[in-house]
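*Asks:* this one's structure only:
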């Protein structure tokens, strides 16, 4: 019997899918994942972007959009009894030509200059003192210094009103030095400093703890080397502590100025802006403008608030430019 030659059949590898006619098709490309379709620089920080997305959405809804809409409304004369009427920049002219607006800005600036530097100096000294204590004593001092932060501004204002009365503690104390009783809240020269004292008391605790956290972050080797070189407490504070806390001090300075210029509750409760507008801060001026009986009080107070926003933003930018800090953007 003769052998019949048959053509060799193509061999297929195990695992290769057989196509029509027994031939294997060209290997298909694996589809790209969704994450691979995102640009590399975005994919590297995708987790961070996902984490900040909820905060960005909330910031846009409750801060950015209301601010933009407020600027839009400032070009209209609004009334509860008729439709809004477009007036352009009229209310900006009214506010910028009002002497009381500039007077309130000056009062707010003086108030901030009284409060913020005092808090920074006291917080730095007290935080440096706490850093030298034992753990148990430091925990007690941190709790004690934080107590004023949980006190309401209204409650603090009422307490200090009693302190400044004719028979109050303040007049009793100066009486020990042979000084007569003073009308602290009814005299233009003493009203603003009298309001600044409870503001310092309220803000001292939080600033001290923030300053203490910055001091504890400084390596101990810096202070040990300074002690070996014979540096005393003031020299260590000047040449080690303060330069190392530059970003912390910048943060407290900007946030402190922003808050104190806008102080509202203390002057409202203690003096209601008096005497003769000596404690009429910008927010109190805006509040009184809103309560005015004029039909355009709403638009006027809104425009004044927006101008105050621009003033505070400008002051903050100036501070960031003036204070030279390598980490100013992080602060």
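*Replies:* Ah, there it is. The shown structure was predicted, so the numbers you read here are calculated from the model rather than taken from an experiment.
*Asks:* Could you work out the end-to-end span of stretch 77-91 for me?
*Replies:* Using CA to CA, to the nearest Å, one end of stretch 77-91 lies 8 Å from the other.
*Asks:* buried residues in it?
*Replies:* Neighbour counts over stretch 77-91 (16 or more other CB atoms under 10 Å) mark 77-78, 87, 90-91 as buried. In this view, the C-beta of every residue, glycine as well, is placed from N, C-alpha and C.
*Asks:* repeat for stretch 93-100
*Replies:* Buried residues in stretch 93-100, counting neighbours by 16+ other CB under 10 Å, are found at 94-95.
*Asks:* Among the buried residues of stretch 77-91, show me the least confident.
*Replies:* Sorting the buried residues of stretch 77-91 by pLDDT puts residue 78 at the bottom of the list (82).
*Asks:* how near is that one to residue 301?
*Replies:* From residue 78 across to residue 301, the span is 10 Å (CB to CB, to the nearest Å).
*Asks:* okay, now the domains of the protein?
*Replies:* For the chain, automatic domain parsing gives the domain ranges 44-91, 93-322.
*Asks:* Packed most tightly, which of these would that be?
*Replies:* domain 93-322 (a mean of 16; mean count of other CB atoms under 10 Å).
*Asks:* Start and end of that domain, how far apart?
*Replies:* End-to-end distance of domain 93-322 (CA to CA): 31 Å.
*Asks:* so which helix or strand takes in the closest residue to residue 261 other than its chain neighbours?
*Replies:* Of all residues not flanking residue 261 in the chain, residue 108 sits nearest, at 4.2 Å (CB to CB, 6 or more residues apart in numbering). In this structure, residue 108 sits in helix 99-131 according to DSSP states H and E.
*Asks:* and that helix, what does it pack onto?
*Replies:* Under the contact criterion of 3 or more CB pairs under 8 Å, 6 or more residues apart in numbering; DSSP states H and E, helix 99-131 touches helix 135-146, helix 188-216, helix 246-261, helix 282-290, helix 297-322.
*Asks:* Relative to residue 207, how far out is the residue minimising distance to the centre of the chain?
*Replies:* Closest residue to the average C-alpha location of the chain: residue 255 at 4.5 Å, with CA atoms, centre = their mean. Residue 255 sits at a distance of 9 Å from residue 207 (criterion: CB to CB).
*Asks:* so what's the residue nearest to the centre of the chain scoring on pLDDT?
*Replies:* For residue 255, the model assigns a pLDDT of 90.
*Asks:* Also the one 5 residues further on?
*Replies:* The model reports residue 260 with a pLDDT of 93.
*Asks:* Correct me if wrong: it contacts residue 117.
*Replies:* No. Applying CB atoms under 8 Å, one finds residue 260 not in contact with residue 117, separated by 10.6 Å.
*Asks:* Who are the contact partners of the residue nearest to residue 261?
*Replies:* By CB atoms under 8 Å, 6 or more residues apart in numbering, the contact set of residue 108 is 260-263, 281-282.
*Asks:* quick revisit: just the angle between the helix holding residue 108 and helix 297-322, please?
*Replies:* For helix 99-131 against helix 297-322, the angle by axes from the mean of the first three to the mean of the last three CA atoms, to 10 degrees is 50 degrees.
*Asks:* what's the average pLDDT for helix 99-131?
*Replies:* 93.
*Asks:* if we can go back for a sec, averaging pLDDT over each of the domains of the chain, which comes out lowest?
*Replies:* Among the domains of the chain, domain 44-91 has the lowest mean pLDDT, at a mean of 87.
*Asks:* So residue 79 belongs to a strand, correct?
*Replies:* No. Residue 79: not assigned to a strand; according to DSSP: H, G, I helix; E, B strand; the rest coil it is coil.
*Asks:* hang on, the earlier thing: how big is the angle separating the helix holding residue 108 from helix 246-261?
*Replies:* Using the same axes, to 10 degrees: helix 99-131 against helix 246-261 is 140 degrees.
*Asks:* so what's residue 194 up against?
*Replies:* Counting by CB under 8 Å, 6+ apart, residue 194 has contacts 160, 164, 184-185, 270.
*Asks:* So for it, what's the nearest residue that isn't a sequence neighbour?
*Replies:* The shortest distance from residue 194 to any non-neighbouring residue, by CB to CB, 6+ apart, is to residue 184 (4.4 Å).
*Asks:* Quick check: the gap between that neighbour and residue 164.
*Replies:* Counting by CB to CB, the gap from residue 184 to residue 164 is 4 Å.
*Asks:* got any residues that touch both of those two?
*Replies:* 170-171, 194.
*Asks:* Please name the residues that touch residue 45.
*Replies:* Listed by CB under 8 Å, 6+ apart, residue 45 has no contact partners.
*Asks:* wait, doesn't residue 290 sit right on residue 303?
*Replies:* No. The criterion here is CB under 8 Å, and residue 290 misses it with residue 303 at 11.3 Å.
*Asks:* How far away from the center of its chain is stretch 196-216?
*Replies:* Relative to its chain's centre, stretch 196-216 lies at 14 Å (CA atoms, centre = their mean, to the nearest Å).
*Asks:* repeat for stretch 48-61
*Replies:* Relative to the mean C-alpha coordinate of its chain, stretch 48-61 is positioned 18 Å out (CA atoms, centre = their mean).
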